[in-house]
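Asker: Provided below for reference: sequence and predicted model.
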Amino acid sequence: MSSVTTSTSSAAPRRAMLTDPGYQAFVILRVGFTVAPILFGLDKFANLLVDWPAYLAPWIDDLVPGSAQAAMYAVGAIEIVAGLAVALAPRFGGWLVAGWLAGIIVNLLTIPGHYDIALRDFGLLLGAVALARLALRYHAEPRP
C-alpha cells in the first residue's frame, strides 16, 4: 500500500518560519529596502517629492560633469538598481544600500542645515546592515 504525502508536512516548517520574529524582521527590511530605493530613484527623474538637486553638495556638483539634475538622474538609476539588488540578492543588496547611504551621509554632512537628514540616513544605514546580516540566515544560497 502506498502512502499519500500531504502538504501539511511541508506547510508546518513554513508556518513556523512565518512566526519567527527574526524572519519577520528580515521580510520587513527586505520589502522596505526594495520599495523605498526604487520609489526614491524614480522620483529623481520627476522631482515630485522634493527638489533633489538641492540635496547635492556643491563640491560634488563641481566634481561631476553636467548639471546637478543630471547627477540626480545617475543617482536615481543607481538607487533603482540598489532596490532591485535587495529584492533579488539581499545579502549583497543590503551592503550595497548601506554603502550608498554612507555616501549620502557624507554628502549631507557637507551641506549646512542637513545634519538632521544625515542622522536619519544613518539610522537607515543601520537597517540596511541588519538586512544584510539577517539575509545570511534567512536567504541562504541553496545547498547541493
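Answerer: Perfect, thanks for sending it.

Asker: What's the first helix or strand after the longest helix seen in the chain?
Answerer: Using DSSP state H, we find that the single longest helix of the chain is helix 21-46. Scanning forward in sequence from helix 21-46 by DSSP states H and E, the next helix or strand is helix 58-63.

Asker: and that following helix, what does it pack onto?
Answerer: Contacts defined by 3 or more C-beta pairs under 8 Å, 6 or more residues apart in numbering; DSSP states H and E place helix 58-63 against helix 68-88. Quick note: C-beta positions are derived from backbone N, CA and C, even for glycine.

Asker: distance of the residue nearest the centre of the chain from Arg15?
Answerer: Among the residues of the chain, the one closest to the centroid is Phe33, at 3.2 Å (C-alpha atoms, centre = their mean). According to C-beta to C-beta, to the nearest Å, Phe33 stands 25 Å off from Arg15.

Asker: re earlier: the residue nearest to the centre of the chain reaches Leu131, doesn't it?
Answerer: Yes: shown here, Phe33 and Leu131 form a contact pair, counting by C-beta atoms under 8 Å, at 5.6 Å.

Asker: Give me the neighbour count for Tyr55.
Answerer: The tally of other residues near Tyr55 (other C-beta atoms under 10 Å) stands at 16.

Asker: now Leu63
Answerer: Neighbourhood size, Leu63 [other C-beta under 10 Å]: 9.

Asker: Same check on Gln69?
Answerer: Gln69 - counted by other C-beta under 10 Å - has 14 other residues nearby.
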